[in-house]
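In: Attaching a predicted model along with its sequence, questions to come.
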Amino acid sequence: MKVGGAVIFQNPLNARSDYDVYKDDLRLGDLYEPLGFDSIWSVEHHFDDYTMCPDVLQFLSYYAGRTKKVQLGSMVVVLPWHDPIRVAEQVSVIDHQSDGRMLLGFGRGLARIEFDGFRVKLDESRERFIEAATMIIDGLEKGYCEFDGKYYQQPRRDIRPKPFKTFKGRTYAAAVSPESSRIMARLGIGILIIPQKPWEAVAQELNEYRTIYRQVNGGDPLPTIAAGWTFCDNSRERAHDMAVKYIGGYWQTALRHYEMAADHFGKAKGYEYYEQMAKNLSSSGAKDASVEYFLNLQVWGTPDDCIAKIDEIRQKVGADHYTGVFSYAGMPIEDAERSLRLFAAEVMPEVKKFNGVKAEAA
């Protein structure tokens, strides 16, 4: 099993300067390859303190030049906010810069602040995602983009630098809703899981994804990549306290950024899953309960606790790659680095012994 690390640049409530947040998180990013991680990742978000990486491909290009071995993962490029042919070009550049180390992750986005900022309608996101993903996936295989869709009309143009190796087997998409999982199966790409719902529910949806994938593509899909907010400490009590404060704190930032309890999801096509989540969160005490629920999805505790939790996730969702997020919600950099180094020393060697490829969803 492979192990990755993510850098997400959170500055909750703007408590620090953005410059200091970047300086500290890039310091953590520089540790991943020397400590033996297999991959480095970041996310794409815009316009507020939730996470401050507006261009994940720019971030990965930076690390393509600072590293020699780690894979470079996008978690994710939000396609409705981009011109697809530009994404294809940028991805090809990173792959050339890194000698083929790119792991390509797509998503369709959720936050109203971001869609409004890019002047894109939320209820167009699913159709835009499908068109853009289709154009990019085909383009990276053929070496040129050409498309005639509802939202994107692209005359044939070559991708330069020309892709020099296939992206089959290293293209993923984040999927939370059941319909999104079905879309990814039809596109023939793997699933990147950013935990927001019970692992048992994810496993059930993955079974449907795998069935559709086999019907459409005539073979088995890629094992999944699972991410998780991670905190490791030799003291279980301290790990619990830090998880409540910071992993719980992260979840509060997500609720705020995505406006999870708002009613606009019911008005946006393709966001039916989130409409139900919003209704659930609007009840008395639901937000506090949701923090506890989110904590239970993540990886925290002693090294042994973290190993057991990753193994549980691996078996439930058939993952062959775990990516930990180690700095979030304003956690002091010293605590994040201590957790990261302990995880690298005592958790990662055991996790790498797991057979991720043959893991099956429960």
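Out: That came through, no problem.

In: give me phi/psi at the most centrally placed residue in the chain?
Out: When C-alpha atoms, centre = their mean is applied to the chain, the residue found nearest the centroid is M75 (3.5 Å). M75 adopts backbone torsions of phi -130, psi 60, taken as degrees, to the nearest 10.

In: Contacts only, for it.
Out: The contact partners of M75, by C-beta atoms under 8 Å, 6 or more residues apart in numbering, come to A6, W41, S42, V43, V56, G105, A174, L192, I194, A227, T323. Backbone N, C-alpha and C define where each C-beta goes, glycine included.

In: out of everything not next to it in sequence, what's closest to it?
Out: Using C-beta to C-beta, 6 or more residues apart in numbering and skipping the chain neighbours, the partner closest in space to M75 is W41 (4.4 Å).

In: what secondary structure does the one you found sit in?
Out: At W41 the chain is in strand, as set by DSSP: H, G, I helix; E, B strand; the rest coil.

In: Quick check: the residue nearest to the centre of the chain vs D263, distance?
Out: Taking C-beta to C-beta, to the nearest Å as the measure, M75 falls 29 Å from D263.

In: shouldn't D158 be in contact with K142?
Out: No: using C-beta atoms under 8 Å, D158 is not in contact with K142; the gap is 9.5 Å.

In: can you give me the helices for the stretch 1-150 of the chain?
Out: Taking DSSP state H, counting those that start in this stretch as the criterion, the stretch 1-150 of the chain carries its helices at 18-29, 56-66, 84-97, 112-117, 125-142.

In: Which one, of these, ends up nearest to I307?
Out: Closest to I307 of the helices of the stretch 1-150 of the chain is helix 18-29 (C-beta to C-beta; 21.2 Å).

In: If you average the pLDDT over the closest one, what comes out?
Out: For helix 18-29, mean pLDDT is 98.

In: quick one: buried residues of that helix?
Out: Of all the residues in helix 18-29, those buried under the rule 16 or more other C-beta atoms under 10 Å are V21, D24, D25, L28, G29.

In: can I assume G29 is in contact with Y63?
Out: Yes: taking C-beta under 8 Å as the definition, G29 is a contact partner of Y63 at 6.7 Å.

In: Mutual contacts of the two, please.
Out: I40.

In: show me where pLDDT drops low in the stretch 251-362 of the chain?
Out: By pLDDT under 70, the weakly predicted segments of the stretch 251-362 of the chain are 265-267, 270-287, 356-362.

In: hey, where'd the strands end up in it?
Out: In the stretch 251-362 of the chain, the strands defined using DSSP state E, counting those that start in this stretch lie at 299-301, 319-325.

In: nearest to N234, of these?
Out: strand 299-301 (10.0 Å).

In: Residues touching the closest one, excluding its own?
Out: 228-233, 236, 239-240, 242-243, 247, 306, 309-310, 313, 322, 324.

In: partners of it in the sheet?
Out: Counting by DSSP bridges, the strands paired with strand 299-301 are strand 224-232 (parallel).

In: right, and the helix or strand after the partner strand?
Out: Using DSSP states H and E, the helix or strand that follows strand 224-232 in sequence is helix 236-242.

In: now that following helix, how far from the chain's geometric center?
Out: Relative to its parent chain, helix 236-242 has a centroid offset of 25 Å by C-alpha atoms, centre = their mean, to the nearest Å.

In: And it, what does it pack against?
Out: Judged by 3 or more C-beta pairs under 8 Å, 6 or more residues apart in numbering; DSSP states H and E, the packing partners of helix 236-242 are strand 224-232, strand 299-301.
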